[in-house]
Structures are given as structure tokens and as C-alpha cells.
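Colleague: sequence first, predicted model second:
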Amino acid sequence: MTTLPAQPVHPRPAALLAMDPALTADVLPLDLLERLGAVTELAPGPAVTDFAAAPEALARTELLITCWGCPPIDASVLAAAPRLKAVVHAAGSVKDAVASSRVWERGIVVSSAAAANARPVAQFTLATVLLAGKRAFPLAAAYPQQGFRAYPTSADTGNHGRTVGVVGASRIGRLVLDMLRPHGFRLLVTDPYLDPAQARELGAELMPLDELMATADTVTLHAPLLPGTRRMIDARRLGLMKNGAVLINTARGALVDTDALVAACTDGRIDAVLDVVEPEPLPGDHPLFALPNVFVTPHIAGALGSELRLLGEFAVREAERWAAGEPLAGQVHADDLERIA
């Protein structure tokens, strides 16, 4: 009888969760943890929020699964994690959790669930574009005092024939364009990395930022926060917007000069819908809260509640790909850092 040679046993890579433990059950419910445990040797215990408190686990770790609440992976962490080969971030921006370029310099593979987080943001943006076109937010504010006297009679209220300008053909910006197309809007886009043919493929007309600000009835921001984009929506550009236009920001609060926006909205010339602000959170007595034509939400456009599972599903699938030696769907390269949020 021929005896077949024993097949080599490949040990599962050691993995560690680094995130706010209060998020773990929502991002990685039991069935996803079981999937993760099937392809990795997951460190026992709650998720880590202080790498210095888990030196033995960190020293063994080959795969880090991170999310909000993860401490920065800096030089000291890298020195304590000699076996680390991959970081999968179950959230959007890796700049918040993978803060050191040394991660890439050491050849560690980094992946982000930004694609999973993009859809809730795009859905939120679509909803606000449609509601803003109906002037739902200022009309709702006026309704308690004015009743049906608040009912709009202006022909520029409504979504028929409206022009929407998308600032930034980011992952979210492209999804927003895709979701807006069926609604009959004229779509504009501005992005320094986009050419006219690519814009047409997205169903939009490429336009310089200033011209877009002056042309669109609704301007929605989806640009990354970089040194060159900080407060790019300043008093001058807000002044270009048409009377009755709406500014929507679900990207980063610092893209907009807050004081200039207060001034532009106080005189009632434009409206604003803001899911992100600068500073964040705003103090409770901030003038934006008192303006009836400004609607402010507490950074809720991204995944939250039931949507957090989307981030966990993406992260677990990335871990499965990595363990199988497959390319990662959400891999972030070092040269991406100059132009992502």
C-alpha cells in the first residue's frame, strides 16, 4: 500500500483587533468573527485601544484589523510588531489610523473599507440633494410659525431642471453622480485628476471649480482634505454661488471657511446642509444652529448603526483574500496618500 506524503500544515496568521471595543459587536458580529477566526488565529479578549497594553499579542501579530478608536501605528508600534505584514482598516480614511508612512516603507500591505463606507455617504447625499431642491429644510423651520404661508411659490423651488455640481470625483463623488443620473439633473463635476472624456463617462460635464460654483443650483463636496483644499470654499467662492443655491458638505468640515459660510447664509442668499463642520463638533451656541436655512447633522452620513456591518464584511473578506494570497480589493498604496482624505 502506497503511503502518500503528509501535506504541510500552514498555520493561520496571528491577527489582532485594534478599535473601540464598543464598536466590535456592530462592526464584527459573531458570524463575522467566526469567519475571521477560520482564516486567522485571532487574539483572545477585547479589541485593543492601547498597543502598549498588549505587547505579547502585538509581537505575534501578522494581521491587524483596525477601525475607529485604533491608536496610530507609529514607529514604536512597528518596532513592537516585527511580524506585522498587513493592516485592514474597517473604516474609511487610513490617515486616521495608519498615520505613519513607515507602515508602507516597511512593505506592510494596507487596505481600507472606504468603498463600503462610500455607499451610505452617497445615499445620504442623494437624499439631501433631493430635499434641498424642494427647500425642505428652511421650509420645515418656517412651518411652525407660518403654517401653509411658508408654502413656496417660487419657480426655482423643485428638482425639475436643476443643476448639481459635484466637487471631487472621489469614490463617493462618483457614486453620487451615478445615483443622481436617473433624476434628470444637469450634472457638473470638477476634479484636477479628471479629463473631459472621463467626466462624460460619469454622465457629467467637467468644469473649473469657480465656474461650477457660479453655475450649479446645488453644490455637493466630495474632495479630500489636503493642504491645497483646506478652506477652498471661501468667501470669494461662496460669493460666486447663485441666489437660492445650496451647499452640501458630507466630506470634511475644513473644506469650507466656516465664518464665510455663516455670513453667506445669514443674509439668506444661499442655503447649506452640513454633515461635517469646522470645528467638529460645533459649540451649541454656534450661529449656524440658529439659521433656518442651514441644516446641520452630527457626522452621520457614513456607516452607522446597521450599516457598520458593511465595514466588517468588507474587512473580513479582505482578511480572507490576504490569507489566501489574493490581491486586496481596498489596497491603499503609499502614493495614494497625497490625494485621499
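Modeller: Thanks, I have the structure now.
Colleague: can you list the buried residues in the worst-scoring helix or strand of the chain on mean pLDDT?
Modeller: Across the helices and strands of the chain, mean pLDDT, DSSP states H and E gives its lowest value to helix 136-146, namely a mean of 88. Of all the residues in helix 136-146, those buried under the rule 16 or more other Cβ atoms under 10 Å are 137-139, 141-142. Where you see a C-beta, it was placed from the backbone N, CA and C, and this is true even at glycine.
Colleague: possible to save those residues as a markdown table with distance to residue 200?
Modeller: Conversion of the buried residues of helix 136-146 to a markdown table gives the following (distance: Cβ to Cβ, whole Å):
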| residue | distance to residue 200 |
| --- | --- |
| 137 | 32 |
| 138 | 34 |
| 139 | 35 |
| 141 | 39 |
| 142 | 40 |
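Colleague: between the residues you listed, which is nearest residue 268?
Modeller: residue 138 (8.7 Å; Cβ to Cβ).
Colleague: please report how far residue 35 lies from residue 336.
Modeller: 27 Å (Cβ to Cβ, to the nearest Å).
Colleague: who has more neighbours out of the two?
Modeller: Comparing residue 35 with residue 336 by other Cβ atoms under 10 Å, the one with more neighbours is residue 35, at 17 against 13.
Colleague: the strand or helix carrying the more buried one: which residues count as buried?
Modeller: According to DSSP states H and E, residue 35 maps onto helix 30-39. Across helix 30-39, burial judged by 16+ other Cβ under 10 Å covers 32-33, 35-36, 39.
Colleague: residue ranges with poor pLDDT in the chain?
Modeller: Residue ranges of the chain with pLDDT under 70: 1-10, 96-97, 99, 150, 152-153, 155, 341.
Colleague: okay, buried residues for the top helix by length along the chain please.
Modeller: The single longest helix within the chain, with elements called by DSSP state H, is helix 114-133. Buried positions in helix 114-133, judged by neighbour count with 16+ other Cβ under 10 Å: 114, 116-122, 124-126, 128-133.
Colleague: go on, stretch 209-219?
Modeller: Buried-residue list, stretch 209-219, by 16+ other Cβ under 10 Å: 209, 212-219.
Colleague: stretch 274-285 too?
Modeller: Neighbour-count burial for stretch 274-285 flags 274-278, 282 (criterion: 16+ other Cβ under 10 Å).
Colleague: ok so, going back, most widely separated two among the buried residues of helix 136-146?
Modeller: 137 and 142 (10.0 Å).
Colleague: ranges for the strands of the stretch 51-200 of the chain?
Modeller: Using DSSP state E, counting those that start in this stretch, the strands of the stretch 51-200 of the chain run over 63-66, 86-89, 109-112, 163-167, 186-190.
Colleague: same question, the stretch 201-341 of the chain
Modeller: Counting by DSSP E, counting those that start in this stretch, the stretch 201-341 of the chain has strands at residues 205-206, 218-221, 246-249, 271-274, 294-296.
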